[in-house]
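[1] have a look at this prediction, sequence included:
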Amino acid sequence: MNNLQGWPEPIIRVQSLSESGLQNIPDRYIKPPPDRPSLDPDENVDVNIPIIDLTGLSEDENNLPVSTLDQISLACREWGFFQVVNHGVSHELMDRARETWRSFFHLPIEIKQAYANSPKTYEGYGSRLGIEKGAILDWSDYYYLHYLPLTLKDYNKWPASPDSCREVIDEYGKELVKLAGRIMKVLSINLGLREDHLQNAFGGENIGACLRVNFYPKCPQPDLALGLSSHSDPGGLTLLLPDHDVAGLQVRKDGKWVTVKPAQHAFIVNIGDQIQVLSNANYKSVEHRVIVNTSKERVSLAFFYNPKSDIPIKPVEELVSADKPALYSPMTFDEYRLFIRLRGPKGKSQVESLKSPRCH
């Protein structure tokens, strides 16, 4: 991974560009015309990803009604995305986590710069994905950190400011690992598997978990830029805490982009590429992107629940048959995520490239 030691060009913080008052965004952030967002407020205005009530799903038991299991199953197969309410995570903790991170991004630049990241691990304060020289960049800054496994968890790489930031991150991570584990059981059951099947395929207790906090500054030309380019998530399961009053996430459905309308104190759950592979494409990881706007900044927290990095991930045997052969060749998550670290977000080209030669 020697080619990941450093960034190919000096890093420019998008927040600094935004706060400088510039009227026109630099060429580096202008997307080619086919990738530019439509900002028509009336487009798909009545469409939203499913909102699902998880009342009855706890650490120890699954008392979800059959209708709720069916809703989740349909969402995983048709959308790859859904929102969950009554999920068991304290609303106060959700708000505290989001606002603590918002405060971090408003600290003086020299404090944030002490946590500047490199493409070797991506941990810390960053402003780009991928190391392609001259690449068109996204209109966002971020902070990336590891939560699990414990061998990668390093408090010194977590912000010490604002006060209690590390404690909030720790508590938030603990609760989201538990919530992801509960959802994994439901995904397994809906595939006709034992409730612990997907979890065991991830490595049982030895999973990976990391947090990427996204900061999308105001943008003077939002019709030319994206906060985050179209991609599907390379990992297992993503739990997103969106900004409570600024929409920005768009999901691709039937060839059109649908802007997600966040429900109050909901998490947005989406299927990652690793679960698409394990489920032999019964569940879909779906392309999504982020749009920006002129008047409001936006903060979101993406919590990634991933397989142990050195386990080969391949379709579950019970989901492979003569009628539906294994669609994907085995690959470890370590090998897999190198793709996005080298090339940045590129639609669904990575998971498609995994398909077994006989399936092309």
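    Structure's in. What do you need? Numbers count the residues shown, from 1 in each chain.

[2] pLDDT at Gln350, what is it?
    pLDDT for Gln350: 65.

[3] try Thr121
    86.

[4] what's next to stretch 14-21, contact-wise?
    25-26, 29, 105, 109, 127, 137-141, 215, 217-220, 297 (Cβ atoms under 8 Å, 6 or more residues apart in numbering). Just so you know, the C-beta spots here come from the backbone N, C-alpha and C atoms, and that holds for glycine as well.

[5] any of those buried? List them.
    Buried subset of these (neighbour count, 16 or more other Cβ atoms under 10 Å): 25, 29, 105, 127, 137-141, 215, 217-219, 297.

[6] identify, from those residues, the entry nearest to Thr332.
    Distance to Thr332, by Cβ to Cβ, is smallest for Asp138 among the buried ones among the contacts of stretch 14-21, at 27.1 Å.

[7] what's the helix or strand for the closest one?
    Assigned by DSSP states H and E, Asp138 falls within no helix or strand.

[8] check contacts around it.
    Applying Cβ under 8 Å, 6+ apart, the residues contacting Asp138 are Val14, Tyr29, Arg128, Leu129, Ala225, Leu226, Gly227, Leu228, Ser229, Val290, Pro345.

[9] okay, these in TSV with secondary structure and distance to Leu74 next?
    Below are these laid out as TSV (DSSP: H, G, I helix; E, B strand; the rest coil; distance: Cβ to Cβ, whole Å):
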residue	secondary structure	distance to Leu74
Val14	helix	37
Tyr29	helix	37
Arg128	coil	36
Leu129	coil	31
Ala225	coil	34
Leu226	coil	29
Gly227	coil	29
Leu228	strand	26
Ser229	strand	28
Val290	strand	25
Pro345	coil	27
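
[10] any chance of CSV for these, columns pLDDT and distance to Gly80?
    Formatted as CSV, those follow (pLDDT from 0 to 100; distance: Cβ to Cβ, whole Å):
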residue, pLDDT, distance to Gly80
Val14, 98, 28
Tyr29, 98, 27
Arg128, 93, 26
Leu129, 87, 20
Ala225, 98, 25
Leu226, 98, 19
Gly227, 98, 20
Leu228, 97, 16
Ser229, 95, 17
Val290, 97, 16
Pro345, 66, 16
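
[11] buried members of those into ChimeraX, please.
    Here is the ChimeraX selection string for the buried members of the contacts of Asp138, based on 16+ other Cβ under 10 Å:
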select :14,29,128,129,225,226,227,228,229,290,345
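
[12] contacts only, for Asn293.
    Applying Cβ under 8 Å, 6+ apart, the residues contacting Asn293 are Lys218, Cys219, Pro222, Val246, Gly248.

[13] nearest to Asn190, out of these: which one, please.
    Nearest member of the contacts of Asn293 to Asn190, counting by Cβ to Cβ, is Gly248, at 29.1 Å.

[14] what distance do you get for Leu129 to Tyr142?
    Leu129 sits 8 Å away from Tyr142, taking Cβ to Cβ, to the nearest Å as the criterion.

[15] swap that for Lys185, sorry
    Counting by Cβ to Cβ - Lys185 and Tyr142 are separated by 30 Å.

[16] where does pLDDT dip in the stretch 201-350 of the chain?
    Judged by pLDDT under 70, the stretch 201-350 of the chain has its weakly predicted residues at 340, 343-347, 349-350.

[17] and stretch 173-181, how far out from the chain middle?
    15 Å (Cα atoms, centre = their mean, to the nearest Å).

[18] and for stretch 206-223?
    On Cα atoms, centre = their mean, the centre of stretch 206-223 falls 8 Å from that of its chain.

[19] ok, back up a step: restricted to helices, list the contacts of Asn293.
    Among those, none falls in helices (DSSP state H).

[20] closest to Glu123 among those residues?
    Looking across the contacts of Asn293 and measuring by Cβ to Cβ, the closest to Glu123 is Gly248, at 24.2 Å.

[21] alright, that wraps it up for me.
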